[in-house]
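K.L.:
my questions concern the predicted model and sequence given below.
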Amino acid sequence: MDLDEGGWNIPYADKITHFIFYLVFGMLGCLFVRERTKGQMELVKASRLIFLVAVAYGIGIEVLQYTLTTDRMAEFGDVLANTFGAFVGISLVRWSFSKERPLKWKF
């Protein structure tokens, strides 16, 4: 049974989706660490932790797709999109809490 996928044909739509998901993952992850530690964990340390978690999670999902499924494909491009999205999301948080901005990392 074929499903109608609609008339939209956006090139690299899956990579864009991966990028956006991990951008949000990186931003929310940093903010989560900030809230859980009441701002006591340094921004640099929190951003490195979340970046490593995001990259490991992205690679883990791709490995699971490769090993456990028959109808899904693991793609290196997805890992790159995930990594770049997490990097951009974390960079946005770091920029938001930079010394030039009014937001403060510590409570």
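P.N.:
Structure's in. What do you need? Residues are numbered from 1 along each chain as shown.
K.L.:
all contacts plus neighbour counts: C-alpha atoms, from now on.
P.N.:
Fine.
K.L.:
show me the residue sitting in the middle of the protein in space.
P.N.:
The centroid of the chain falls nearest to Y22 when counting by Cα atoms, centre = their mean (1.9 Å).
K.L.:
quick check: that one vs V93, distance?
P.N.:
13 Å (Cα to Cα, to the nearest Å).
K.L.:
next: I16.
P.N.:
Between I16 and V93 the computed distance is 20 Å (Cα to Cα).
K.L.:
got it, and F32?
P.N.:
According to Cα to Cα, F32 stands 12 Å off from V93.
K.L.:
next: K38.
P.N.:
16 Å.
K.L.:
so for those two, which sits in the more crowded spot?
P.N.:
Between K38 and V93, V93 has the larger neighbour count (other Cα atoms under 10 Å), namely 19 against 12.
K.L.:
that one touches M27, doesn't it?
P.N.:
Yes: at 6.0 Å, V93 counts as touching M27 under the criterion of Cα atoms under 8 Å.
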